[in-house]
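Trainee: Test case, fold it:
(chains A and B)
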Amino acid sequence: AQSVTQLGSHVSVSEGALVLLRCNYSSSVPPYLFWYVQYPNQGLQLLLKYTTGATLVKGINGFEAEFKKSETSFHLTKPSAHMSDAAEYFCASRGSSASKIIFGSGTRLSIRP
Amino acid sequence: GAGVSQSPRYKVAKRGQDVALRCDPISGHVSLFWYQQALGQGPEFLTYFQNEAQLDKSGLPSDRFFAERPEGSVSTLKIQRTQQEDSAVYLCASTREGTSNYGYTFGSGTRLTVV
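Mentor: This next block holds a predicted model:
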């Protein structure tokens, strides 16, 4: 069955430091992969997506993610954290039926001043 | 409209009460999805419509949950005889395409609290 695993339910970094949020997926079909961000009391906003082609994907707010098939990973990075990046981040994958997206359990990112 | 609109934003229901949650997707979007997000968890798929057809309802947790999209635009998620375990944020999303390949646009959700 399709699944998405996010390593670390909570990540804390200092302002200006590298952000690395980890995601691994399992898929029996070519994966379509996504990162979403959720601010308190809001819906989910798409940060970036991998469909086909270039494995390094750039998104909004300076985030990027790299699809590594050999590692079944799609980790999210940002070179320099900003206070406004504090939020919940969800990795997701298209399900095998292509009719739905399956989400990981989320990683809460905190930024220390 | 410009985005996916959900109403009400907050709903408090007494246990056993029926509730109806509304989703107004982006105009022209073919596909509509409902998700349930429990506190501290990722969204869990409930059901999917393509136009007015409900193509996948495998995530509905019980027969107390019912969704409809009669004219292929606005959708309603109905929960009968609410239970405390139904307390969650219910998210609606839509997409122009008929698949999930390119991601969704989400609404802000309805937070349901059953007391």
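Trainee: helix or strand right after the lowest-mean-pLDDT helix or strand in chain B?
Mentor: For chain B, the helix or strand with the lowest mean confidence is strand B:105-106, at a mean of 92 (criterion: mean pLDDT, DSSP states H and E). Toward the C-terminus, strand B:105-106 is succeeded by strand B:110-114 as the next helix or strand (DSSP states H and E).
Trainee: Give me every residue in chain B lying close to chain A.
Mentor: B:4, B:33, B:35, B:40-45, B:48, B:55-56, B:59, B:91, B:93, B:99-109, B:111 (Cβ under 8 Å from any Cβ of the partner chain). In this view, the C-beta of every residue, glycine as well, is placed from N, C-alpha and C.
Trainee: hmm, which of the residues you listed are the buried ones?
Mentor: B:4, B:33, B:35, B:42-45, B:48, B:56, B:59, B:91, B:93, B:100, B:103-109, B:111 (16 or more other Cβ atoms under 10 Å in any protein chain shown).
Trainee: how about the spatially most central residue of chain B, what does it touch?
Mentor: Centrality entry for chain B: nearest residue to the mean C-alpha point is B:Trp34, 3.3 Å, by Cα atoms, centre = their mean. Contacts of B:Trp34 were listed using Cβ atoms under 8 Å, 6 or more residues apart in numbering or on different chains, and they are B:23, B:45-48, B:67, B:75, B:77, B:90-92.
Trainee: Quick one: low-confidence residue ranges for the chain.
Mentor: Just so you know, I chose chain A. A:28, A:96-98 (pLDDT under 70).
Trainee: ah, no, chain B please
Mentor: In chain B (pLDDT under 70), the answer is B:1, B:99-100.
Trainee: A:Tyr25 touches A:His75, doesn't it?
Mentor: No. Using Cβ atoms under 8 Å as the test, A:Tyr25 is too far from A:His75 to be in contact (11.0 Å).
Trainee: any idea what the residue nearest to the centre of chain B is structurally, helix, strand or coil?
Mentor: B:Trp34 carries the three-state label strand when classified by DSSP: H, G, I helix; E, B strand; the rest coil.
Trainee: From A:Ala54, how far out is it?
Mentor: For B:Trp34, the distance to A:Ala54 equals 33 Å [Cβ to Cβ, to the nearest Å].
Trainee: Next: B:Thr95.
Mentor: Distance, B:Thr95 to A:Ala54, by Cβ to Cβ: 22 Å.
Trainee: what does A:Pro113 give?
Mentor: As judged by Cβ to Cβ, A:Pro113 and A:Ala54 stand 35 Å apart.
Trainee: same thing with B:Glu52?
Mentor: 37 Å.
Trainee: Comparing the two, which residue is more hemmed in?
Mentor: B:Glu52 (13 against 9; other Cβ atoms under 10 Å in any protein chain shown).
Trainee: quick one, what contacts that one?
Mentor: B:Glu52 touches B:69-72, counting by Cβ under 8 Å, 6+ apart.
Trainee: Which of those residues ranks first by neighbour count?
Mentor: Counting by other Cβ under 10 Å, top hit in those: B:Arg69 with 21 neighbours.
Trainee: Noted, bye for now.
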